[in-house]
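Asker: all I have is the shape, not the residue letters:
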């Protein structure tokens, strides 16, 4: 960890702010209560990731969405550090589903900027190849038999591929640029 | 008395990494009169794809729900992640017409339709709500008295409360009560509800490792002899990675991490071999010799 990993605030310029962004986001499932956030900071105080990292701050993310700072949000790798533990969602006194907002921002980053951490590309390719998110080696199948376990259910790869197709996911994964790790 | 028959959703991590969880779960569930029907077909629950495309996740999850609906069976899963996404999807599609129509539009292409007639249960819920504590208590033949353990319930079987609607996310007691039935004492420790960090291990290892280290320190402080988990992802973090974490932070924990079904299995009289205890990375040698004494 040799890099400097501190958040350096910079002055927000009016032209950076997209006034419609908050309305677009709050229409989406999971972000309905976005505008109710009054910045109490419970989410950040209780976030296990924020305790070990100076870049990921749920309260700041919500404020940036309210301010319409779309470009800053979608270029921030720290978005990928949320573990989906949902502590912020349960603790928010205003019922803002912060983890849902983070998920929406990640989806939007993938869709509009075409970037994602490389790990997801591998996982998707495994699901398409075998239905399981990991490639289950032949030896595991054999050991199941030795242990008297029933054979693993077979995937329906045609269905899986179709689901990737109709949800636009095949295209997403084919065209995505990837990055390795998120610094902390 | 609910019917103890479920469609068994094994997920991906368990067959890939943790046969000990599957083997021990099948053993104890069978003995408790639970019938597990195998999934006719399978695809990933959808959880790992949620950061990329929420619609993809909902549709992958919904396809599994549709398979259960076809057999009119509730789903039973051993994995917190699978439970979380299958349950969230089930609830969302039941309650939100707009989303249900959208996802059903995707499902039409594969000849399926979500109807919303089944429930999704995690092992802990099925044992507590359906099998019942009395029945489990009766099945305990060799109480594990004098054994002191700690538990890690994990996130997705209690949070978000709005979707799960069971147990107390601030102080979960379901797993604790299940542990007490085995005769073992379940010790409290600091920050019990904290996440294991597993979902981001693919993008950043440092933060999850610090989370795990902190949890292991808190458990060591109360002198628990083992940690008990009910999720394959959490189990991997505490067992599989424990030696790496010990090396990284120059600490020694040596804390065995048991699947709850192994703990219960021991109390029900199964042998450590039957429960694949030897497959654990941190060997539970001390506990086993204490039990056999």
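Answerer: Noted; the coordinates are in hand. Remember, predicted model here, so these are calculated numbers, not experimental data.

Asker: show me where pLDDT drops low in chain B?
Answerer: B:1-2 (pLDDT under 70).

Asker: hey, where'd the strands end up in it?
Answerer: Listed in chain order, the strands of chain B (DSSP state E) span B:5-9, B:35-38, B:74-77, B:120-122, B:148-152, B:185-186, B:226-229, B:257-259.

Asker: tally of neighbours for residue B:271?
Answerer: Close neighbours of residue B:271, defined as other CB atoms under 10 Å in any protein chain shown, add up to 11. No exception for glycine: its C-beta is placed from N, CA and C like everyone else's.

Asker: list the contacts for it?
Answerer: If you count contacts by CB atoms under 8 Å, 6 or more residues apart in numbering or on different chains, residue B:271 has none.

Asker: and the gap between it and residue B:92?
Answerer: Between residue B:271 and residue B:92 the distance, using CB to CB, to the nearest Å, works out to 43 Å.

Asker: also residue A:105?
Answerer: As judged by CB to CB, residue A:105 and residue B:92 stand 19 Å apart.

Asker: more neighbours: which of the two?
Answerer: Set side by side, residue A:105 and residue B:92 show unequal neighbour counts under other CB under 10 Å, the larger going to residue A:105 at 22 against 18.

Asker: is that one in contact with residue A:73, as I believe?
Answerer: Yes. Counting by CB atoms under 8 Å, residue A:105 touches residue A:73, with 5.6 Å between them.

Asker: need the residues touching each of those two.
Answerer: When contacts are counted by CB under 8 Å, 6+ apart, residue A:105 and residue A:73 have A:61, A:65, A:79 as shared neighbours.

Asker: list the contacts of the residue sitting furthest away from the middle of chain B.
Answerer: Summary for chain B: using CA atoms, centre = their mean, the residue whose C-alpha lies farthest from the chain's mean C-alpha position is residue B:109, with a distance of 32.4 Å. Contacts for residue B:109 were tallied using CB under 8 Å, 6+ apart; they are A:162, A:166.

Asker: what do you get for the one 10 residues further on?
Answerer: Taking CB under 8 Å, 6+ apart, we find residue B:119 in contact with B:74-75, B:90.

Asker: which one of those has the most neighbours?
Answerer: residue B:75 (26 neighbours).

Asker: and it, bridged to which residues?
Answerer: Listed by DSSP bridges, the beta-bridge partners for residue B:75 are residue B:7, residue B:120.

Asker: gap between it and residue B:226?
Answerer: Between residue B:75 and residue B:226 the distance is 29 Å, computed by CB to CB.

Asker: same question for residue A:58.
Answerer: Residue A:58 is 33 Å from residue B:226, where distance means CB to CB.

Asker: okay, now residue 56: neighbour count?
Answerer: As the question left the chain open, I've gone with chain A. Summarising burial for residue A:56: neighbours were counted as other CB under 10 Å, giving 27.

Asker: not quite, go with chain B.
Answerer: Other residues within reach of residue B:56, judged by other CB under 10 Å, total 25.

Asker: residue A:151 too?
Answerer: Neighbours of residue A:151 under the rule other CB under 10 Å: 9.

Asker: contact partners for it?
Answerer: Residue A:151 makes contacts with A:141, A:144-145, as judged by CB under 8 Å, 6+ apart.

Asker: three-state assignment of it?
Answerer: The three-state label given to residue A:151 by DSSP: H, G, I helix; E, B strand; the rest coil is coil.

Asker: out of the contacts of residue A:151, which are buried?
Answerer: In the contacts of residue A:151, burial by neighbour count holds for residue A:144, counting by 16 or more other CB atoms under 10 Å in any protein chain shown.

Asker: just the closest of the contacts of residue B:119 to residue A:99, please.
Answerer: Nearest to residue A:99 among those, counting by CB to CB, is residue B:90 at 18.4 Å.

Asker: I'd say the closest one and residue B:121 touch.
Answerer: No. Residue B:90 lies out of contact with residue B:121 (CB under 8 Å); the separation is 10.7 Å.

Asker: okay, domains of chain A per the record?
Answerer: Per automatic domain parsing, the domain ranges recorded for chain A read A:14-113, A:117-179.

Asker: okay, those domains, which one's buried deepest?
Answerer: Across the domains of chain A, the average number of neighbours (mean count of other CB atoms under 10 Å in any protein chain shown) peaks for domain A:14-113, which reaches a mean of 19.

Asker: what is the mean pLDDT for that domain?
Answerer: The predicted model assigns domain A:14-113 a mean pLDDT of 97.

Asker: quick one: that domain near chain B?
Answerer: Yes. In terms of CB under 8 Å from any CB of the partner chain, part of domain A:14-113 sits within range of chain B, namely A:29-30, A:48-49, A:52-53, A:80-87, A:89-90, A:97, A:99, A:103-104, A:106-107, A:110-111.

Asker: okay, and which of these map to helices?
Answerer: A:48-49, A:52, A:87, A:89-90, A:99, A:103-104, A:106-107 (DSSP state H).

Asker: re earlier: quick check: which of the domains of chain A is nearest to residue B:182?
Answerer: Each of the domains of chain A has some distance to residue B:182 by CB to CB; the shortest is domain A:117-179, at 23.8 Å.

Asker: quick one: end-to-end length of that closest one, please.
Answerer: End-to-end span of domain A:117-179 (CA to CA, to the nearest Å): 5 Å.

Asker: how far is that domain from where the chain is centred?
Answerer: Here domain A:117-179 shows a centroid-to-chain-centroid distance of 19 Å under the convention CA atoms, centre = their mean, to the nearest Å.

Asker: now do stretch B:209-227
Answerer: Chain-centre distance of stretch B:209-227: 19 Å, with CA atoms, centre = their mean.

Asker: contacts for that stretch next, please.
Answerer: With CB under 8 Å, 6+ apart as the test, stretch B:209-227 has contacts from A:48, A:52, B:147-152, B:187-191, B:194-197, B:237-238, B:241-242, B:244-245, B:248-249, B:251, B:253, B:255-258, B:263, B:284, B:286-287, B:290.

Asker: for residue B:235, see how far away the closest residue to residue B:242 other than its chain neighbours is.
Answerer: The spatially closest residue to residue B:242, leaving aside those adjacent along the chain, is residue B:282, at 5.5 Å (CB to CB, 6 or more residues apart in numbering or on different chains). Relative to residue B:235, residue B:282 is positioned 11 Å away (criterion: CB to CB).

Asker: who's more crowded, the two?
Answerer: A side-by-side neighbour count of residue B:282 and residue B:235, using other CB under 10 Å, places residue B:235 first with 29 against 19.

Asker: hmm, the more buried one is touching residue B:257, no?
Answerer: Yes. In this structure residue B:235 lies within contact range of residue B:257 using CB under 8 Å: 5.9 Å.

Asker: now for the two: what residues contact both?
Answerer: Contact criterion CB under 8 Å, 6+ apart; residues shared by residue B:235 and residue B:257: residue B:229.

Asker: and residue A:89, what does it touch?
Answerer: The contact partners of residue A:89, by CB under 8 Å, 6+ apart, come to A:96-100, B:159-160, B:162.

Asker: the residue nearest to it when sequence neighbours are not counted: neighbour count?
Answerer: Spatially, and ignoring its direct neighbours in sequence, residue A:89 is nearest to residue B:160 (4.4 Å; CB to CB, 6+ apart). The burial metric for residue B:160, expressed as a neighbour count using other CB under 10 Å, is 23.
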